[in-house]
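J.: Below is the structure, and that's it, no one-letter string:
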C-alpha cells in the first residue's frame with residue numbers, strides 16, 4: 001500500500017501522566033486536514049495502533065498518545081533515531097464552517113488533534129474558544145500551546161484539581177458558541193450532542209486495517225453505516241444518533 005512510509009523519531013518525551021509527545025521526521029504530504037490520524041505498526045503486534053495527528057509541517061508531524069496497553073507502552077520506550085512503519089494521512093478530518101464564534105472541545109487524548117484545527121480556525125479569522133477536559137491535574141497537557149493560538153482557553157477537571165470543576169459542558173455554559181468541533185470519549189460527545197449546538201464530532205474506534213477494508217469500525221448513523229477510519233472519524237452532529 002503506497003500510504004505506508006517509514007518515519008524517524010526526532011523526539012519522544014513525557015508531557016503528563018502516562019502521556020507522551022512524539023515528533024517524527026518524514027514526508028507529510030498526505031496530511032490534508034486537521035483531525036486526520038496515522039496507523040502505526042509495532043514489532044510483535046498484529047494490529048496497527050491508530051493515533052491522531054497533533055500538528056505537522058513540511059518536514060515532520062507530531063502525535064500525542066497515552067499509554068493504555070502494550071502498543072503505546074512500547075512506543076513510550078522508543079528513542080530518537082528509531083524508525084516506525086506508518087500508514088499515513090487517514091480519515092476525513094475537520095472542515096471549517098462559516099460560524100464566527102467556535103469552540104474546539106477535547107477530552108483527554110481527544111485534545112491533540114484540535115490544536116492544528118485551532119490554528120487553522122484562528123488563521124481564518126474565527127473567535128476560538130478551547131475547552132479542554134481532563135480527569136485531574138496530573139493528566140493536563142497542552143494548555144500553553146492552545147493559549148497561544150486561541151482567544152480563550154477553559155480547562156476542566158472532574159475533581160476540580162485544575163481549572164474548572166466539572167465537565168466540558170460545564171465550562172461552555174453561557175458562552176454563546178455558534179459551532180463546535182470536538183474529539184473525545186463517547187460520553188463526552190453524547191453530552192455535547194445534547195446541547196443542540198451544531199458541529200463536528202470525531203469518534204474513537206477500535207480499527208483493524210485503518211483504510212476501510214475490514215469494515216471493523218463501522219458505526220450506525222442517520223444516513224446509514226459509515227466506517228470510522230474512512231468516512232470518519234469526523235461526523236456532523238446532525239448525522240449522529242446516540243442510543244439513549
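T.: Great, that's in hand. On a predicted model such as this, the values are computed, not experimentally measured, just so you know.

J.: Domains in this protein, by residue range?
T.: 4-90, 101-239 (automatic domain parsing).

J.: got a markdown table for those, with mean pLDDT and mean neighbour count too?
T.: To be clear about C-beta, it is placed using only N, CA and C from the backbone, and glycine gets the same treatment. A markdown table is the format used below for the domains of the chain (pLDDT from 0 to 100; neighbours: other C-beta atoms under 10 Å):
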| stretch | mean pLDDT | mean neighbour count |
| --- | --- | --- |
| domain 4-90 | 95 | 17 |
| domain 101-239 | 86 | 19 |
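
J.: And residue 163, how far from residue 182?
T.: Counting by C-beta to C-beta, to the nearest Å, the gap from residue 163 to residue 182 is 18 Å.

J.: same deal with residue 20?
T.: 23 Å.

J.: Then residue 159?
T.: 22 Å.

J.: do the same with residue 74
T.: In terms of C-beta to C-beta, residue 74 sits 29 Å off from residue 182.

J.: I'd like the next helix or strand past the helix ranked longest in the chain.
T.: Ranked by residue count, the top helix of the chain under DSSP state H comes out as helix 113-123. Remark: after helix 113-123, the chain's next helix or strand is strand 127-134, criterion DSSP states H and E.

J.: and for that following strand, what are the contacting residues?
T.: The contact list for strand 127-134 (C-beta atoms under 8 Å, 6 or more residues apart in numbering) reads 100-108, 111, 114, 118, 121-122, 140, 142-143, 146, 149-158, 162, 167-168, 171-172, 175, 177, 184, 188.

J.: Okay, angle between it and helix 113-123 too, please.
T.: Interaxial angle of strand 127-134 relative to helix 113-123 (axes from the mean of the first three to the mean of the last three C-alpha atoms, to 10 degrees): 170 degrees.
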